[in-house]
Each structure stands twice: as structure tokens, then as C-alpha cells.
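Q: build me a model:
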Amino acid sequence: MASMNALVTIEAKPEPTTIDLARTAVVVVDMQNDFGAEGGMFHRAGVDISSIRQAIVPTARVLAAARTSGVKIVYLKTEYRPDLSDAGPVDSKIWINLTRVGVGERVTTPDGTEGQIMIRDSWNTQIVCELEPEPGDIVVSKHRYSGFYGTDLELILRGLGIEYLVFTGCTTSVCVESTMRDAMERDFRCVLLADRPGTVAKQPRRLTLGPADWVRMDLRLRPLHRCPGRPACGEPELPPGARC
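A: Residues are numbered from 1 along each chain as shown. Modelled structure (predicted):
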């Protein structure tokens, strides 16, 4: 990360907090097709993904501002090997939950190609098109709710000198919170973005580490523009640099 002296104070709850942008990373949790796109696992299962879709434009704004300011971006995505050898014992709770949602099932994706639910290197586990990673971003695969469990996420963050983590993604009450709590146990200072993080819970639990707003961090947000020629992306406006 480029050297910079950028201490900023966030009007967070339960109290304001100060972070150093030079030692900050934005963590985008599970904003992948299986959770946030039509034709993905949630959508096929009849889960309302509207709140996850609504989180895309605010997240794109954050990522554009972070890149402009030299803040590192880390994507987490849940995916498994085709043989499901990293999905746990067949009698484990995680295995049972995964089989209920059809993990490994071959499906036809919206572009007509073949995908596999929650399987790595498939359309299903790609980041949604509006938030596609750019060169220099980091993508970490995970196999449980927490991005720290069984991954090299902590090693990557320590190597980059990261101490502050700004979280966004889905779902707030499951994977975002699980990862954030594990981060706190590792002495990272965490902030959850306030701008409608996605959740499929009817009444998501409020977390005590948010909210925060990148505008209050004095990061410039450029004017929005329409996503050209790709109405299927589902969100009409994205900041410059966000691609569909």
C-alpha cells in the first residue's frame, strides 16, 4: 500500500472511532453470484435477494473511493472443491446445510453456460459483475462462515501491515458478523458500513461496531454513471471504474 498519512475519524456507533487509511483494508464479504445475482443459489431457492442487490451500489461507491485513496481491497467468497472434500464431514452441520441448498448441483447460468452451485471456478462463485475485482485487489476463498477459518486471510493482512478493517457484504448476521468477530479476536479494529449491508433476515440484529460512512471519512466520491449495455446487472448506476 502506498505510504500516506491519513488519520480519519468516523462518526460510528456506539462512539466515534479513528482509523489510519494507510493501515486499512476494505473487506467485501460474499458478494458473489450465488448470493446476489439472479440465477444464483439464493435466487433459485426463492430467497429474496433484493437487500443484497441494494447493497451493491453503496459498496461500489466505497470501492471506488478506496481505490482512489490507495486503500487495499480484499474480497472473500465462499466456494468448495468439486469433490466437496473441503466441505466437512458428511454428518456435520455445515455439510447438511450445504446439501440442502444444492451445493455441487450443475445448473444453467444466465448466460447459458454450465455452472455449479458454490463450486470454485464457476460462474456461481464469481463476484457479482458490478463489483468485479480489479488488478491489485485480493481474493480469498473460504469454506465456512468466517473468512479467517482455514484461510490465509490473517497472514495476508499482517503482511500488508493492516490494522483496521472496514466491512461490507452479505449476509450481515452470518458471514459478515462471523468474520468481523474473528477479526476482533485477532486485535483488528473493525467498522461495519452503515449503508444497508445485505441480509436475508427479516429483522437483522444491529451490530455494535457500525455504522460508518466513507463520505464522513473525507474520501471523494465521483459522480455516478449508468452501466452501459448491461441492464441485467440489476443496478442502473455505478461509480466510474465499476464495470459490468
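Q: assign a three-state SS to the residue lying closest to Tyr145 once chain neighbours are set aside, would you?
A: Among residues not flanking Tyr145 along the chain, Ser178 sits closest, at 3.9 Å (CB to CB, 6 or more residues apart in numbering). (Each C-beta comes from the backbone N, C-alpha and C, glycine too.) When classified by DSSP: H, G, I helix; E, B strand; the rest coil, Ser178 comes out as helix.
Q: endpoints of stretch 171-179, how far apart?
A: Using CA to CA, to the nearest Å, the gap from the first to the last residue of stretch 171-179 comes to 11 Å.
Q: from the chain's centroid, how far away is that stretch?
A: What separates the centre of stretch 171-179 from the centre of its chain is 10 Å, taken as CA atoms, centre = their mean, to the nearest Å.
Q: shouldn't Gly115 be within a strand?
A: Yes. Secondary structure assignment (three-state DSSP) places Gly115 inside a strand.
Q: distance of it relative to Cys175?
A: Distance of Gly115 to Cys175, computed by CB to CB, to the nearest Å: 20 Å.
Q: the nearest residue to Phe188 once chain neighbours are set aside bridge partners, please.
A: Nearest-residue entry for Phe188: Leu165, 5.0 Å, with adjacent residues in sequence omitted and distances by CB to CB, 6+ apart. In this entry, Leu165 is beta-bridged to Ala25, Cys190, by DSSP bridges.
Q: wait, Leu165 sits on Leu192?
A: No. Contact criterion CB atoms under 8 Å: Leu165 and Leu192 do not qualify, at 9.6 Å.
Q: which residues do the two both contact?
A: When contacts are counted by CB atoms under 8 Å, 6 or more residues apart in numbering, the set common to Leu165 and Leu192 consists of Met180.
Q: distance of Gly88 from Tyr149?
A: When distance is defined by CB to CB, Gly88 is 11 Å away from Tyr149.
Q: which residue of the two possesses the greater neighbour count?
A: Neighbours per residue (other CB atoms under 10 Å) separate Gly88 from Tyr149, with Gly88 holding more: 17 against 13.
Q: hang on, isn't that one packed against Thr99?
A: No. When contacts are counted by CB under 8 Å, Gly88 is not listed as touching Thr99 (10.8 Å).
Q: what touches both of these two?
A: The contact sets of Gly88 and Thr99 do not overlap (CB under 8 Å, 6+ apart).
Q: tell me which residues in stretch 147-166 are buried?
A: When burial is assessed from 16 or more other CB atoms under 10 Å, stretch 147-166 yields the following buried residues: 147-148, 151, 153, 157, 162-166.
Q: quick one: average confidence on it?
A: Throughout stretch 147-166, pLDDT has a mean value of 95.
Q: just checking, the residue nearest to Tyr145 touches Ser146?
A: Yes. With the criterion set as CB under 8 Å, Ser178 and Ser146 qualify as a contacting pair; they are 4.2 Å apart.
Q: neighbour count winner among these two?
A: With neighbours defined as other CB under 10 Å, Ser178 and Ser146 compare such that Ser146 has more, 23 against 18.
Q: what about the more buried one, helix or strand, and which?
A: Using DSSP states H and E, Ser146 maps to neither a helix nor a strand.
Q: mind checking which helix or strand of the protein has the lowest mean pLDDT?
A: strand 225-226 (a mean of 30; mean pLDDT, DSSP states H and E).
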